[in-house]
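Undergrad: Give me the fold of what follows.
(chains A, B, C and D)
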There are 2 protein chains.
Amino acid sequence: MINLLWGDPPPPTRGPKPAMTVEGITKAAIAIADTDGLDAVSMQRVAADLSFTKMALYRYVGGKAELVSLMTDRAMGLPPHHPPQPWRQALMDWALDLYAGFARHPWLLLSTVGRRALGPNELTWMDFGVRALAETGLSGGQQLDALMTIAGQVRTIAHQTLTLPGGTIGISEENITSALTEILATQPDRFPGLTAAMQSLAGSENQGLDFGLNRILDGLEVLIKRG
Amino acid sequence: MINLLWGDPPPPTRGPKPAMTVEGITKAAIAIADTDGLDAVSMQRVAADLSFTKMALYRYVGGKAELVSLMTDRAMGLPPHHPPQPWRQALMDWALDLYAGFARHPWLLLSTVGRRALGPNELTWMDFGVRALAETGLSGGQQLDALMTIAGQVRTIAHQTLTLPGGTIGISEENITSALTEILATQPDRFPGLTAAMQSLAGSENQGLDFGLNRILDGLEVLIKRG
DNA sequence: CTTGAACTGTCTCCACCGGACACTGTTTCG
DNA sequence: CGAAACAGTGTCCGGTGGAGACAGTTCAAG
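TA: Model (predicted):
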């Protein structure tokens, strides 16, 4: 099956006009994922929202996996443009833009795990990030590694902050910290380090993203200045 | 439903002796996930491996989600002990131990996304990590944020390195870089930064984990020394 | 203008999934 | 010796992704 992500194959000319488009299907699927979560995206549901039969979708996309790939790349979109900046600020913007993308489509956190096909938009994101580091004297591998580290930080915080409604089991509190404090309250002696850390946390806001990013950027600065 | 993760409820004494144990079920499920991936873990499959009926499992675990939680916490296990060390070395060991865990059970990368119940082992991991930072003068929140950043780095590299056989679609090469070079070879002008970075990468080994960790630790050192 | 090939969308069917529920058989306590 | 509590099974359900046959539509070639 040809990879729909990279330009559709030339449309045939015989036969009836297609009533749908890959783009329309993808948009419908994204709309479902945005409102009801990625698990709610099924072939039936997508087809129903378009007033078609499930099997009709298979004329356009190869299957569920391919549809998810298309959704992912489209929802990711292209990274926003920024005026030229020093590498540190550029990377910070890049990270915040990425976080904003996850905030818009939290299901991206789920659809981008496991081996998957890379779409053009995803690659463009990486390209932008690498270019921000082009002038720093870092090697290509170092640039990519640095980018991965930053992307990982964004993912981590996004994952722990956004965490879709699709809860799995047990603890149904609003966020991780509340569930955590609850457990720690009952058995403080078992996790002394955590208990102490949580006590001195009380009320401090979610600065996790900025904190981690600044540590990483500090570390990069050390490396870059060292030459 | 009582959380099986935190000590089973007292077993009843009436009625026939249970033929299975929660531990046995969990171990069987982990074995399946280790060999055939997390998707292969179904109630039927687990029950069949134990020579029981699917529905019999529901006498022990509340459902699929709870089983996965049990698998996750058990597979994570307790973090290994290390002799007392300076915080930097302690965190480095912590990160490498965590990575080793992901390498042993790559499906943990999948089972630990989305909101989920926290098990005692997972909390112990966090406790160990936080304790490594206890003497650094960082606040509790900063300690937790630092840990999240490091864990995120480990996850990112593990995810991009291990990536189970359960591929989804398209590109079935051995790792991301090979698929990437393939794409870049066909359209180098579209991703100039990436192309340049990949060219100067040729043959360098997977140092991504060490690189990112050292940047993060460098950044933490800057913050800690600053006081 | 006709005809046949190419194409679209629908229909039926399948295996599998997680799970509800009623039921039989077993064990132990009053 | 019951009766209550419990274990495991069998049956059923709605849902999933997907294969394949089929009829309707459209266009290009004769």
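
Undergrad: Output the lowest mean pLDDT helix or strand found in chain A.
TA: helix A:176-186 (a mean of 76; mean pLDDT, DSSP states H and E).

Undergrad: can you give me the strands for chain A?
TA: For chain A, strands defined by DSSP state E do not occur.

Undergrad: Wondering if stretch A:19-27 reaches DNA strand C at all.
TA: Yes: interface with DNA strand C: stretch A:19-27 contributes A:19-20 (Cβ under 7 Å from any atom of the strand). Where C-beta positions appear, they are placed from N, C-alpha and C, glycine not excepted.

Undergrad: model confidence over that stretch, on average?
TA: Averaged over stretch A:19-27, pLDDT sits at 96.

Undergrad: swap in stretch A:133-153?
TA: 95.

Undergrad: and that stretch with chain B, contact?
TA: Yes: Stretch A:133-153 lies within reach of chain B by Cβ under 8 Å from any Cβ of the partner chain, at A:134, A:139-146, A:148-149, A:151-153.

Undergrad: Okay, buried residues for that stretch please.
TA: A:133, A:136, A:138, A:140-153 (16 or more other Cβ atoms under 10 Å in any protein chain shown).

Undergrad: What residue, apart from its backbone neighbours, is nearest A:Met76 spatially?
TA: A:Asn121 (4.7 Å; Cβ to Cβ, 6 or more residues apart in numbering or on different chains).

Undergrad: Could you measure from the one you found over to B:Asp97?
TA: 36 Å (Cβ to Cβ, to the nearest Å).

Undergrad: Equivalent analysis for A:Gly129, please.
TA: On the measure of Cβ to Cβ, A:Gly129 and B:Asp97 end up 29 Å apart.

Undergrad: And those two? Which one has more around it.
TA: Between A:Gly129 and B:Asp97, A:Gly129 has the larger neighbour count (other Cβ atoms under 10 Å in any protein chain shown), namely 26 against 18.

Undergrad: Near DNA strand D, which residues of chain A? Just list them.
TA: A:13-17, A:41-45, A:54-55, A:58, A:63-65.

Undergrad: now with 10 Å?
TA: A:1, A:12-19, A:29, A:38-48, A:53-59, A:61-68 (Cβ under 10 Å from any atom of the strand).

Undergrad: In ChimeraX, select just the buried ones from those.
TA: Buried residues among those (16+ other Cβ under 10 Å), as a ChimeraX selection:
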select /A:29,38,41,43,46,47,57,61,62,64,65,66,67,68
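
Undergrad: confidence score at the residue lying closest to A:Trp94 once chain neighbours are set aside?
TA: Leaving aside its sequence neighbours, A:Trp94 sits nearest to A:Gly129 (Cβ to Cβ, 6+ apart; 5.2 Å). Per-residue confidence (pLDDT) for A:Gly129: 97.

Undergrad: List the residues that contact A:Gly129.
TA: Neighbour list for A:Gly129: A:91, A:94, A:147, A:150-151, B:193 [criterion: Cβ atoms under 8 Å, 6 or more residues apart in numbering or on different chains].
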